[in-house]
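Student: got a sequence here, can you build the structure:
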Amino acid sequence: MGEVEDVSNRMEAQLRVHAAEDDADLPLPALFDRASHLHSLASSSSLDQEGIRKGVDLLRRCDDMVSKLGLFSSNETKEDVSTANLKYLLVPYYLGEMTEQVEQEDRIPVLKASQDHLKEFISVCEALELIPEDELQLYRQGQSETGANRRAQKVARFKRQKAAETKLQEIKERKERRGRSLRATALSAPIEAGEEDDLEADGEEEREAWLATISLALCKAFDLVDMLKKEEEMLLAVKERKEKRMEMHLLEKC
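Tutor: Next up, the predicted model:
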């Protein structure tokens, strides 16, 4: 029964993707919402290649719009970025993740493009001072860092990832509790005095949630860049060996 429901859910997800209305003139918020929805489906393996390519296209357009609007400046820090704009920092990260899932005969260009998007995400976050200094140092040193230091950094990264996940869960639970409390209050008597405090709490929680989401994305981005780089190096080595064998074969014929 569970398998049937899972297949049904995937089919419904595909239908929603392919039956989507024309999005040519969507503003950035609506475009991002649609793109992030496709990214979420892709992350849960509920999207086919057509849907993935559609998501990549939407995210590229988001990236272009963010650039044209100049939402982020190199002389700003995270405190200067409005809560409403924080989510757009995730565009190149989502683009990197979805690009990696594109299937084509030559995978090397896909790996390169995915790494470029992820590095763009890391670079913007670095400029806004969203990355811990020890993580930055290891990232800049690349493969020159010792194995022991890299292992220690992976442990620290894992702890940051778990902390971000815990923070997001706490925020979700707080919002749910407040929602239940507000509904209970509304049933007894409307109270206007606390409405401003509730709005302020919502704004603070939204900012906390986006910052935690970005922190989580950074942890995953660093790991994914490492993984894709290794895969690219492996495929390049295989390609080089094939080319050498072909050269040897041609020389033997001569």
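
Student: tell me the secondary structure at residue 241.
Tutor: Assigned by DSSP: H, G, I helix; E, B strand; the rest coil, the conformation of residue 241 is helix.

Student: and the pLDDT at it?
Tutor: Here the pLDDT value assigned to residue 241 is 93.

Student: burial of it, as a residue count?
Tutor: The number of residues packed around residue 241, counting by other CB atoms under 10 Å, is 10. C-beta: built from backbone N, CA, C; applies to glycine.

Student: how close does it sit to residue 235?
Tutor: 11 Å (CB to CB, to the nearest Å).

Student: just the helices in this structure please.
Tutor: Under the criterion DSSP state H, the chain contains helices at 2-18, 28-43, 49-69, 83-86, 91-100, 108-127, 133-141, 147-188, 195-253.

Student: got the angle for the fifth one vs helix 108-127?
Tutor: Going back to what we said before, that points to helix 91-100. Per axes from the mean of the first three to the mean of the last three CA atoms, to 10 degrees, the angle that helix 91-100 makes with helix 108-127 is 160 degrees.

Student: which strands or helices does helix 91-100 pack on?
Tutor: Judged by 3 or more CB pairs under 8 Å, 6 or more residues apart in numbering; DSSP states H and E, the packing partners of helix 91-100 are helix 28-43, helix 49-69, helix 108-127, helix 195-253.

Student: ranking those by mean pLDDT, which is last?
Tutor: helix 195-253 (a mean of 88).

Student: who wins for proximity to residue 161 among the helices and strands packed on helix 91-100?
Tutor: helix 195-253 (4.1 Å; CB to CB).

Student: ok so, going back, just so I know, which of the helices of the chain lies nearest residue 77?
Tutor: Checking those against residue 77 by CB to CB gives helix 108-127 as the closest, at 8.6 Å.

Student: on that earlier part again, got the helices and strands packed on helix 91-100 as JSON lines, with distance to residue 79 columns?
Tutor: Listed next are the helices and strands packed on helix 91-100 as JSON lines, based on distance: least, CB to CB, whole Å:
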{"stretch": "helix 28-43", "distance to residue 79": "22"}
{"stretch": "helix 49-69", "distance to residue 79": "19"}
{"stretch": "helix 108-127", "distance to residue 79": "13"}
{"stretch": "helix 195-253", "distance to residue 79": "10"}
